[in-house]
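1. missing the sequence, but the structure's below:
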């Protein structure tokens, strides 16, 4: 398929980087990843990969009331807080442009190298009105409730200390009556209400930059919360920023149709975009896949002479480890589909334990590429969790690599070759030094910056956390890949049939 025509005559892709001081601080508060955001952003800054200069020209107009999806009376109570946070962000972010990265390799000498443009999230895209475009109103109201105003009799209220005399009975009550799953993996924490607004705003801003052709790749490492459901939290995720971003892209990223002879350019016709959601996290994207699962039945084989139903806006494909003892528990949608599935736009590639980069290369070439070619997306949302890397304390069954064919960098290079508009987010990744290393390496791929093997970590605030190697390299694992060639071949056969079916449906409705 031809690359996106919007890339024509541009030798370099435009890369935007979603960040703000408050987004970083609030993401650092996430109980499952305390401090990770600072490690990630500070390493990437120290490598000289970010350009803060353009912030000065963009701060004045971004995030004013009315710029978002529309606000209502529901949002009025928080407007003053949002304005205060935004003003603080502007002041702190403006100061970043005065700082020069320092490293053992004198990265400051690369002033002419490509850099990602830092963009502040638009707070008007994180309001209650925006959040309930997908999430249940009662659930969002619970999340937005100020922590200090919580009713101690609320079943989702956690005791202030695990040593509290009421901790045991409270935990028992939570297990029975918590309607929103705000316990155990998903506890309420003091900055939760601000956190969910910032995460939603960040990924939605990234998607809007794509829809308005202000960038080619929008990077949001704090996003990627793919387990959150419409009415409940799950897997360390409270709101599903990926779903909210995908819905925004579907609304605002419509594709102009070619003008017919004599047609008035002012009456340009458009079509709904095709969006490819690709999830490479070690865990199944249950929240995103459920949200975009189409209820339409696509019969197979098609009855002769009958046009197939229209495709949905979003095709989801999740590559993940699957096991009865691994979160989330397997469901029909998380397993390998049959060639004749009635839902060819909700796809999964379940993997056995310790998938290596060689397995990922086969999966990408033999399964993902045929689907991409058949679907021919206008936009890609790439969830790039790093919990599949070795040594992850939550992933545990990962054996992926950053470098080499089939590694994380290689996957990003392949997606880059598609020539499409891409929003790339973070996700899982619970060994924070390796998450930071991997995402910094991805930034290098996007910016055509080649880092030397065993490149030293630049001296910065988190330098000591990269011991003992103090390099960018993530060592490969020596675990045995349990994925069998015959299983990968079966998946390839299934996905080639599915690709043919998808192409027929797309072509019939184009």
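-> In hand now; what should we look at? For clarity, every value in this text was computed on a predicted model and none was experimentally measured.
2. in the longest helix along the chain, what's buried?
-> The helix that spans the most residues within the chain, counting by DSSP state H, is helix 485-508. Within helix 485-508, the residues scored as buried using 16 or more other C-beta atoms under 10 Å are 488, 491-492, 494-499, 501-506. Bear in mind the C-beta positions are built from the backbone N, C-alpha and C, glycine included.
3. try stretch 300-314
-> By neighbour count on 16+ other C-beta under 10 Å, the buried set for stretch 300-314 is 300, 308, 311-314.
4. With respect to residue 339, which of those residues is nearest?
-> Nearest to residue 339 among these, counting by C-beta to C-beta, is residue 300 at 7.5 Å.
5. can you tell me how far the nearest residue to that closest one once chain neighbours are set aside sits from residue 298?
-> Sequence neighbours aside, residue 340 is the residue nearest to residue 300 in space, at 4.3 Å (criterion: C-beta to C-beta, 6 or more residues apart in numbering). Separation of residue 340 from residue 298 (C-beta to C-beta, to the nearest Å) stands at 10 Å.
6. same thing with residue 330?
-> Residue 330 sits 23 Å away from residue 298, taking C-beta to C-beta as the criterion.
7. Between the two, which is the more surrounded one?
-> The neighbour count for residue 330 versus residue 298, taken as other C-beta atoms under 10 Å, is higher for residue 298 (19 against 15).
8. Next one: residue 476, what pLDDT does it get?
-> At residue 476, the model reports a pLDDT of 89.
9. Would you list the phi and psi of it?
-> phi -70, psi 160 (degrees, to the nearest 10).
10. Show residues contacting stretch 440-454.
-> Outside of stretch 440-454, the residues within contact range by C-beta atoms under 8 Å, 6 or more residues apart in numbering are 12-13, 15, 17, 40, 43-44, 47, 49, 110, 113-116, 217, 219, 384, 402-403, 408-409, 412-413, 416, 424, 469, 471-473.
11. Can you get me the start-to-end distance on that stretch?
-> End-to-end span of stretch 440-454 (C-alpha to C-alpha, to the nearest Å): 14 Å.
12. Can you mark which positions in that stretch are buried?
-> Per 16+ other C-beta under 10 Å, stretch 440-454 contains these buried residues: 440-447, 449, 451.
13. and which of those is nearest residue 354?
-> Of all the buried residues of stretch 440-454, residue 354 sits closest to residue 441, with 21.3 Å by C-beta to C-beta.
14. I'd like the next helix or strand past the worst-scoring helix or strand of the chain on mean pLDDT.
-> Least confident helix or strand, the chain: helix 167-177 with a mean of 43, by mean pLDDT, DSSP states H and E. As assigned by DSSP states H and E, the chain's next helix or strand after helix 167-177 is helix 192-211.
15. Name every strand pairing with the helix or strand just after that following helix and say which way it goes.
-> For helix 192-211, the following helix or strand on the C-terminal side (DSSP H and E) is strand 217-220. Strand pairing for strand 217-220, determined by DSSP bridges: strand 15-18 (parallel), strand 421-425 (parallel).
16. Off-centre distance for the shortest one?
-> In terms of C-alpha atoms, centre = their mean, to the nearest Å, the centre of strand 15-18 is found 13 Å from the chain centre.
17. secondary structure element for the residue nearest to residue 300?
-> In this structure, residue 340 sits in neither a helix nor a strand according to DSSP H and E.
18. That one - how many residues pack around it?
-> By other C-beta under 10 Å, the residues close to residue 340 number 14.
19. what's the answer for the one 3 residues further on, then?
-> Applying other C-beta under 10 Å, we find 17 residues neighbouring residue 343.
20. Quick one: residues contacting the nearest residue to residue 322 once chain neighbours are set aside.
-> Distance criterion C-beta to C-beta, 6+ apart; nearest residue to residue 322, sequence neighbours excluded, is residue 350 at 3.4 Å. Contacts for residue 350 (C-beta under 8 Å, 6+ apart) come out as 284, 320-322, 330, 334-336.
21. 10 Å instead?
-> Applying C-beta atoms under 10 Å, 6 or more residues apart in numbering to residue 350 gives the contacts 284, 318-323, 326, 330, 334-336, 483, 487, 491.
22. sorry, back to before: for the buried residues of helix 485-508, which one is nearest residue 255?
-> Distances from residue 255 to the buried residues of helix 485-508, taken by C-beta to C-beta, are shortest for residue 506, at 13.0 Å.
23. so what's that closest one up against?
-> Contacts of residue 506 (C-beta under 10 Å, 6+ apart): 274, 308, 310-311, 315, 374-376.
24. Okay, it and residue 374: tell me how far apart.
-> For residue 506 relative to residue 374 (C-beta to C-beta), the value is 7 Å.
25. For the closest residue to residue 393 other than its chain neighbours, grab the count of nearby residues.
-> Using C-beta to C-beta, 6+ apart and skipping residues adjacent in sequence, the residue nearest residue 393 is residue 430, 4.9 Å away. Here the number of neighbours of residue 430 (other C-beta under 10 Å) works out to 20.
26. who touches residue 430 in this structure?
-> Contact analysis of residue 430 by C-beta under 10 Å, 6+ apart lists 32-33, 36, 236, 385-387, 389, 391-396.
27. Also residue 381?
-> Contacts of residue 381 (C-beta under 10 Å, 6+ apart): 203, 206-207, 210, 218, 223-224, 242-243, 245-246, 249, 275-279, 288, 314, 316, 421-425.
28. now the strands for the protein?
-> Applying DSSP state E to the chain gives strands spanning 15-18, 50-51, 116-119, 217-220, 255-256, 270-271, 275-279, 314-321, 346-351, 379-383, 421-425.
29. Determine the set of other helices and strands touching the second one.
-> So the one you mean is strand 50-51. Applying 3 or more C-beta pairs under 10 Å, 6 or more residues apart in numbering; DSSP states H and E, one finds that strand 50-51 contacts strand 15-18, strand 116-119.
30. Sheet partners, orientation included, of the last one?
-> This points to strand 116-119. According to DSSP bridges, strand 116-119 forms sheet pairs with strand 15-18 (parallel), strand 50-51 (parallel).
31. most tightly surrounded among these?
-> Between the strands paired with strand 116-119, strand 15-18 has the highest mean count of neighbours, a mean of 24, where neighbours are mean count of other C-beta atoms under 10 Å.
32. picking up where we left off before, any chance of a markdown table for the strands paired with strand 116-119, columns mean pLDDT and distance to residue 364?
-> As requested, the strands paired with strand 116-119 are exported to a markdown table (pLDDT from 0 to 100; distance: least, C-beta to C-beta, whole Å):
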| stretch | mean pLDDT | distance to residue 364 |
| --- | --- | --- |
| strand 15-18 | 98 | 22 |
| strand 50-51 | 97 | 28 |
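33. nearest to residue 198, of these?
-> Short answer: strand 15-18, nearest of the strands paired with strand 116-119 by C-beta to C-beta, at 10.1 Å.
34. how much space between the residue nearest to residue 322 and residue 408?
-> Taking C-beta to C-beta, one finds residue 350 at 20 Å from residue 408.
35. Low-confidence stretches in the stretch 51-200 of the chain?
-> By pLDDT under 70, the weakly predicted segments of the stretch 51-200 of the chain are 56-88, 90-91, 93-112, 146-177.
36. let's see 80
-> The stretch 51-200 of the chain contains residues with pLDDT under 80 at 54-112, 146-177.
37. Looking at residue 471 now. What's its pLDDT?
-> Looking at residue 471, its pLDDT reads 97.
38. how long is stretch 251-267 from one end to the other?
-> Start and end residues of stretch 251-267 are separated by 18 Å (C-alpha to C-alpha).
39. how far does it sit from the chain's center?
-> 30 Å.
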